[in-house]
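**Student:** heads up, no residue letters with this:
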C-alpha cells in the first residue's frame with residue numbers, strides 16, 4: 001500500500017507564487033505516493049496530478065483555528081503530514097493537540113526562514129524537549145542551525161525545490177528581450193525601487209523594455225506604500241512598459257524569462273539568507289539577474305557570474321547594471337544557463353521527497 005502524505009498550505013489559491021511550485025514539484029517527484037493537498041477555500045486550482053487530491057479547506061481569517069482541528073484529525077491517522085510553509089505557531093499547535101509525544105516520521109515542518117529572538121529561541125527549546133520526533137526541514141544552514149541549537153534532534157538541510165515544469169525545457173541563450181520583475185509587488189522585494197528606475201529612465205529617454213508583475217500577496221492585499229507605487233507607475237508615460245495584473249499560468253510565467261534580465265533589488269535585511277524561487281526560475285531559464293548585495297540571490301549570482309550585484313538600489317546603479325548586462329548579454333546568459341543546470345540538480349524536489357518518504361510510520 002502506498003504512503004499518503006498530507007501537505008498543508010493554507011495560502012495556496014492559484015498557480016501564482018512559489019507555494020504552488022513547491023508543492024507541485026514534490027507531488028511530481030514521487031508519483032507512487034498519494035498526496036492530499038489542503039489549500040485555500042477560494043483556490044482556483046484543480047488537482048495538479050493524478051496522485052494528488054485537492055482539499056479546498058482554509059478560510060484566511062480563521063485558518064489558525066482550522067489548523068487546530070485539521071492537525072488534531074490528521075494525527076489520528078496513519079498518514080504523514082508536511083506543513084510546507086511552517087511557523088513556530090504550527091509547532092505549538094501540534095504540541096497542543098497531540099496529547100503526548102508525536103510518533104517518529106509523522107510530521108514534517110519546512111521553515112523557509114526564521115527570525116531569531118531570545119523569546120522565540122526559549123519557546124523552541126521547550127518544544128524540542130517535549131516533541132523530540134518533530135522533523136524540521138530548512139533550505140539554508142542558518143535556518144537549520146537555529147533549530148539544532150534549540151535542541152531538536154530531527155533537523156535536515158533540504159534544498160528549496162525547483163518547479164518541475166521549468167525543468168522540462170532546457171534553457172538556451174537567446175537575444176535580450178526585456179527587463180523582467182517577477183512575483184508579487186512588495187516593498188521587501190524592491191517594487192518601489194523598480195518604479196523609481198522606470199521613472200528615471202523614462203525621463204532620460206531610454207527605450208529599454210520592462211515587464212512587471214503587479215500581483216498582490218497571497219491574500220490579494222497590498223501594503224500602503226505598494227498601493228502608492230502602483231498608482232505612480234500607472235501615471236508614468238513610459239511607452240516600453242508592460243504591466244501584468246492578472247494571474248499568470250505556470251507556462252506563461254516561465255516564457256517571460258526567455259531573453260530577460262531578471263531584476264531583484266530585494267531588501268538585504270529580509271533576504272540575507274532567504275531563498276528566492278524567482279532567482280531559481282530565472283537561472284533555470286538562462287535569465288541573468290541584477291540584484292542587491294548581501295543577499296542569498298547575490299551569492300548565487302557571484303558564484304556563477306550570472307549577472308550583476310549592486311551595492312545600492314538607486315536608479316543610477318540599477319540602470320548601469322542593466323546596461324552592462326545588455327551589452328554582454330550572451331556572456332551573462334551563458335553563465336545563467338550553467339548556473340541553472342547546477343541549481344536544478346541541487347534543488348531537485350527528489351531531495352525533499354527522499355527525506356519525507358524514506359521511513360514509514
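**Tutor:** It's in. It should be emphasised that the depicted structure is a prediction, and the values quoted were computed from it without experimental measurement.
**Student:** how about the longest helix along the chain: buried residues?
**Tutor:** For the chain, the helix with the greatest residue count under DSSP state H is helix 329-346. Along helix 329-346, the positions that meet the burial threshold by neighbour count (16 or more other CB atoms under 10 Å) are 329, 332-341, 343-344. Yep, even glycine has a C-beta here, placed from its N, CA and C like the rest.
**Student:** What of stretch 121-136?
**Tutor:** For stretch 121-136, by 16+ other CB under 10 Å, it's 123, 124, 127, 128, 131, 134, 135, 136.
**Student:** Kindly report the same for stretch 348-355.
**Tutor:** Within stretch 348-355, the residues that count as buried by 16+ other CB under 10 Å are 348, 349, 351, 352, 353, 355.
**Student:** Could you work out the most separated pair of those?
**Tutor:** Largest separation among the buried residues of stretch 348-355 by CB to CB: 348 and 355, giving 12.2 Å.
**Student:** Okay, now the unreliable bits of the stretch 101-250 of the chain?
**Tutor:** Where the stretch 101-250 of the chain drops to pLDDT under 70, the residues are 163-170, 217-220.
**Student:** 90 instead, please
**Tutor:** Within the stretch 101-250 of the chain, the segments meeting pLDDT under 90 span 113-121, 162-174, 183-184, 214-223, 245-250.
**Student:** where along it do the strands fall?
**Tutor:** 107-110, 135-138, 154-157, 178-181, 210-213, 241-244 (DSSP state E, counting those that start in this stretch).
**Student:** Turn these into JSON lines, including distance to residue 64.
**Tutor:** Listed next are the strands of the stretch 101-250 of the chain as JSON lines, based on distance: least, CB to CB, whole Å:
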{"stretch": "strand 107-110", "distance to residue 64": "15"}
{"stretch": "strand 135-138", "distance to residue 64": "20"}
{"stretch": "strand 154-157", "distance to residue 64": "24"}
{"stretch": "strand 178-181", "distance to residue 64": "32"}
{"stretch": "strand 210-213", "distance to residue 64": "29"}
{"stretch": "strand 241-244", "distance to residue 64": "32"}
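**Student:** For the stretch 151-300 of the chain, which segments are assigned as helices?
**Tutor:** Using DSSP state H, counting those that start in this stretch, the helices found in the stretch 151-300 of the chain span residues 191-204, 224-235, 250-255, 268-271, 277-284, 296-304.
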